[in-house]
Each structure stands twice: as structure tokens, then as C-alpha cells.
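S.K.: Sharing a sequence plus its predicted fold:
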Amino acid sequence: MSSKKITVISGNYYPEDTAIGLYTTQLTEHLIKKGFEINVITNFPYYPQWKIWNDYHDKPNFFSELLHTIKIYRYKQFVPKKVSFLGRVLLMLSFLYGAIVNSKKIKEADLIICIIPFTLSLIPGLLLKRKCKAKLWVHIQDFEFDLAFETGILKKNNLIITLFKKIIFSFESYLLNKSDVISSISNNMIATSKTKSNVENLFLFPNWVSSTNINPESSKPHPYISKDKFTLLYSGNVGEKQDWSVLENICALIHSDDIDVIIVGEGAFLPQLKQNLSQYPFVKFFPLVPYHELSDLLCSADVHFLFQKTDVKDSIMPSKILGMMASEKPSLITGNKTSEVGTIFNNHLVGCYFSDLDIQTIYNTIIQLKDNADLRKKMGQNARSYVIENFSENIIFEKVEKKLDEELNNSKS
């Protein structure tokens, strides 16, 4: 295959090593090994701490660097001190400005890949598509507008909000309809894409997990976790996507001195969560670990938990669940009853999924898992087997390479 030029536009990239930043970086680094030429247009690293990272704080507003032959074009975007709807809008607009300016530095491209969020990245993507006569591939990690209306940020049902929602979704559809390929990370999100655009070229492109990077056979005990306690672990962003009231209510039922609840993370809701749980000495907070420690951390826990809001209908597919399952430990998940995650959990005995937030039932399940090591082992083994068979990086990347070749080798209609 001759060398093809791809420009990736994403709000999150290396050195961010969680969530979208991690996945986008791993994808581009894989593609250069396969002979593609990659440019990346992105922000300064800021997630999940919601502030520009120290190593980049003194860099000029427009800054470029080279990583493994990948040219990275950055703009020092606005980052809100308080994460709010207005703050997110200003962040998106700031990214849009920087991405448009940086897109002018790209001279050639055969394919533009825009990672959603941010939806506004489609604007510089479209400009590059026209300038370079390239194809435009939209990859949706989050339906950010759906999420805003479903999680309470814009949940009110008054005339102004309804009108605003109609304008926002019409604009979203307009941008999506300009793309040549739309991919997303779950079947439900692909189905949602069909309702938002008339693009017929849809591709399932799930997140993936490395069976070697998250591996219980090679992991070591992590210092955050005591061997003498039954440990419930959450690792990741502490934000409004999660329903932290579930955890608060569960903690009120815990009276055993041999249970630890470990929260490893950063995020906008972290200060409030620390305050809400300050009365419980068994709840312990730690900063995020670097990616090379993640396997040790995940594999050291007894049970993972992720309490999602049950009214959010799969507009998100949490990538962290793949790592949790790969650790060979069971997970406790809450979410919408129609969730794809719920279907997997209910059909494959990989953990416990709750769409009805009965706190006593969830607590009883925790105690059952605490007292039954054989059940934990069985669920954990099922979980790892499932993700390795369905979501290992080799399987996903092979499918993506085939699709990329198809798009790049076929002329547009």
C-alpha cells in the first residue's frame, strides 16, 4: 500500500493517557506502523484535571511537536476553572478557533478523521476536506449534545430550551451529513447516528483493550490497595456522567471494617464528592496512576464499580469498562435498562448490572461477592475472556485497517 496521508482532529491526545486521548493516540501510533502519514490537530493536554498540564503551561499559544513521526499541531485552548455548560461551550469555541488556524498548516490529506466530541471539529474537518479533496470520516465517542440534554445540564423542558435543542440538533445533522463515513463505538450509537444523518456509510468501531497492557498474570500488587481489605475500586474521571448518589447511599450501609472503597481519579465533581463522603473512613481518594501502572491497579481490586445515570440511553459507551473486565475482576454497573453494556453483563455473567437503583439490592450483591471468592473468580474469568474475544486491539485494528484501505482506495461517488 502506498503511503496515505491522514489528518486527525481531536480535542484530546497524547500525553493524556485516559479515555479519548489514550484511544486516539494508540490509533495513530498503530497507523504509522502500517505506513500511513499522520498529522494531528488538537488541544493542549488538560484532561481529566481540567487545567493545562504543567509541562505545557509555558508553551506559546500555537505549538507544534513531533512524536514518532506524527506532527502534532496544538492550540492553548480556554479551560474553564469551573466545569459548567457555559464553560464547556467556551472550551469548544476555543478549540474550534485553534483547529481552524492549525488546519491551514496542513497542505495535503487523503482522509480527515474527526473525533467527536467535539462536534465543532467537523468545521475545520470540512474546510480540509474541500481544500485537499479528501474524504471525511467522523468517529463518535460521545454524542455530546445528547449528553448535555440528558444529564441535567440542559434538562429543563421549557420553550426556550426546546427551541435551542431543535437548533442544536439541526446544526449537528447538517455537519454529520457532510461526512463520507460515520463510525461509532456501539451498535446503539450506530442506530442513533442513523436518526441524526442520512449518511449510509456507517461503521462499527468499538474501543479496544490490550490483553498485554491489562494482564492479571503479569500484574503486581498496587500500593493504593490493601491486601487485608475487600476493595471496591473506581478509576477514572469523576464527573457528571456518573451517579455518585448511588455510592453515597451504599456507603451509608457499610459497617464492616474490612471493606475499602478506593476512588482513583480527577474531575470536576471530585471536590464535592470528597466532601460528601468525608464521614466514611473506609473511602480513600488517590490521584490517577500513569498508564503503565493501570494494570497493577485494576488487577489488585476485588470488584470494580461504575454507577452511571439510568436515564442516559447509551449516548456513551464507557471505555473504562473494557479495562475493568480485562483485569479479570467482576464489575458492578448501573445504567439504562436498554444499555448495550447491560445486555452483555446479563447474558455473559461478567459482573452485575442494575437498571433499577435499589440500593439495598446493590449492597447485598456487594456482600455476596465479598463472601464468595469462587463467584468473583468465575465472573472475572468470564469478563476477561469476553473482552479479549470481542474487543482486543488486534481484532479491532484489523477491521479498521480494512475499512481505511477501502475508503482510501475507492474514489468518492
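M.R.: Sure, I can see it. For clarity, every value in this text was computed on a predicted model and none was experimentally measured.
S.K.: Any stretches of the stretch 51-200 of the chain with poor pLDDT?
M.R.: Within the stretch 51-200 of the chain, the stretches with pLDDT under 70 are 148-157.
S.K.: which outside residues touch stretch 391-401?
M.R.: Residues outside stretch 391-401 that contact it (CB atoms under 8 Å, 6 or more residues apart in numbering): Gln26, Leu27, His30, Lys34, Phe205, Pro206, Asn207, Trp208, Val209, Ser210, Ser211, Leu322. For every residue, glycine as well, the C-beta is placed using N, CA and C.
S.K.: Does the last one touch Asn390 like I think?
M.R.: No. Using CB atoms under 8 Å, Leu322 is not in contact with Asn390, being 9.5 Å away.
S.K.: Mind checking which of the two has more residues around it?
M.R.: Leu322 (22 against 16; other CB atoms under 10 Å).
S.K.: before we move on, back to that, filter the contacts of stretch 391-401 to the buried ones?
M.R.: Among these, those classed as buried by 16 or more other CB atoms under 10 Å are Gln26, Leu27, His30, Phe205, Pro206, Asn207, Trp208, Val209, Ser210, Leu322.
S.K.: for Ile214, what are its contacts?
M.R.: Counting by CB under 8 Å, 6+ apart, Ile214 has contacts Leu294, Ser295, Leu298, Cys299, Gly323, Ala326, Ser327.
S.K.: and of these, the nearest to Ile70?
M.R.: Nearest to Ile70 among those: Leu294, at 22.6 Å, using CB to CB.
S.K.: Can you verify that closest one is assigned to a helix?
M.R.: Yes. Counting by DSSP: H, G, I helix; E, B strand; the rest coil, Leu294 is found in a helix.
S.K.: what residues are up against Gly239?
M.R.: By CB under 8 Å, 6+ apart, Gly239 lies in contact with Pro48, Val83, Gly267, Ala268, Phe269.
S.K.: at 7 Å instead, please
M.R.: By CB atoms under 7 Å, 6 or more residues apart in numbering, the contact list for Gly239 reads Gly267, Ala268, Phe269.
S.K.: Most neighbours among those, which one is it?
M.R.: Among these, Gly267 has the most neighbours (other CB under 10 Å), with 20 neighbours.
S.K.: and the residue lying closest to it once chain neighbours are set aside, how many neighbours?
M.R.: Using CB to CB, 6 or more residues apart in numbering and skipping the chain neighbours, the partner closest in space to Gly267 is Val238 (3.6 Å). By the criterion of other CB under 10 Å, Val238 has 23 neighbours.
S.K.: likewise the one 3 residues further on?
M.R.: Each residue near Lys241 was counted by other CB under 10 Å, and the total is 21.
S.K.: what pLDDT does it get?
M.R.: Note on Lys241: pLDDT of 76.
S.K.: Off-centre distance for stretch 396-405?
M.R.: The chain centre lies 20 Å from the centre of stretch 396-405; the measure is CA atoms, centre = their mean, to the nearest Å.
S.K.: buried sites along it?
M.R.: Neighbour-count burial for stretch 396-405 flags Ile396, Phe397, Val400, Lys403, Leu404 (criterion: 16+ other CB under 10 Å).
S.K.: taking the residues you listed one by one, which sit in strands?
M.R.: If you go by DSSP state E, those have nothing in strands.
S.K.: would you list these in a markdown table and tack on distance to Lys377 and pLDDT?
M.R.: Converted to a markdown table, those look like this (distance: CB to CB, whole Å; pLDDT from 0 to 100):
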| residue | distance to Lys377 | pLDDT |
| --- | --- | --- |
| Ile396 | 27 | 94 |
| Phe397 | 30 | 95 |
| Val400 | 34 | 95 |
| Lys403 | 38 | 96 |
| Leu404 | 40 | 95 |
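S.K.: what residues are up against Leu120?
M.R.: Applying CB under 7 Å, 6+ apart to Leu120 gives the contacts Met92, Phe95, Leu96.
S.K.: Show me which of those is closest to Asp257.
M.R.: Met92 (46.4 Å).
S.K.: mind checking how far that closest one is from Leu277?
M.R.: 31 Å (CB to CB, to the nearest Å).
S.K.: got the residue ranges for the strands in this structure?
M.R.: Taking DSSP E to define them, one finds strands in the chain at 5-9, 37-43, 62-67, 70-75, 111-116, 135-140, 181-184, 202-204, 230-237, 259-266, 283-286, 303-307, 331-334, 351-354.
S.K.: Make a markdown table from the ones you listed and add mean neighbour count to it.
M.R.: Listed next are those as a markdown table, based on neighbours: other CB atoms under 10 Å:
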| stretch | mean neighbour count |
| --- | --- |
| strand 5-9 | 25 |
| strand 37-43 | 24 |
| strand 62-67 | 13 |
| strand 70-75 | 20 |
| strand 111-116 | 26 |
| strand 135-140 | 24 |
| strand 181-184 | 23 |
| strand 202-204 | 15 |
| strand 230-237 | 23 |
| strand 259-266 | 21 |
| strand 283-286 | 17 |
| strand 303-307 | 23 |
| strand 331-334 | 23 |
| strand 351-354 | 22 |
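S.K.: which stretch among those comes nearest Asn249?
M.R.: Closest to Asn249 of those is strand 303-307 (CB to CB; 9.9 Å).
S.K.: roughly how far out does that closest one sit from the chain middle?
M.R.: The chain centroid and the centroid of strand 303-307 are separated by 16 Å under CA atoms, centre = their mean.
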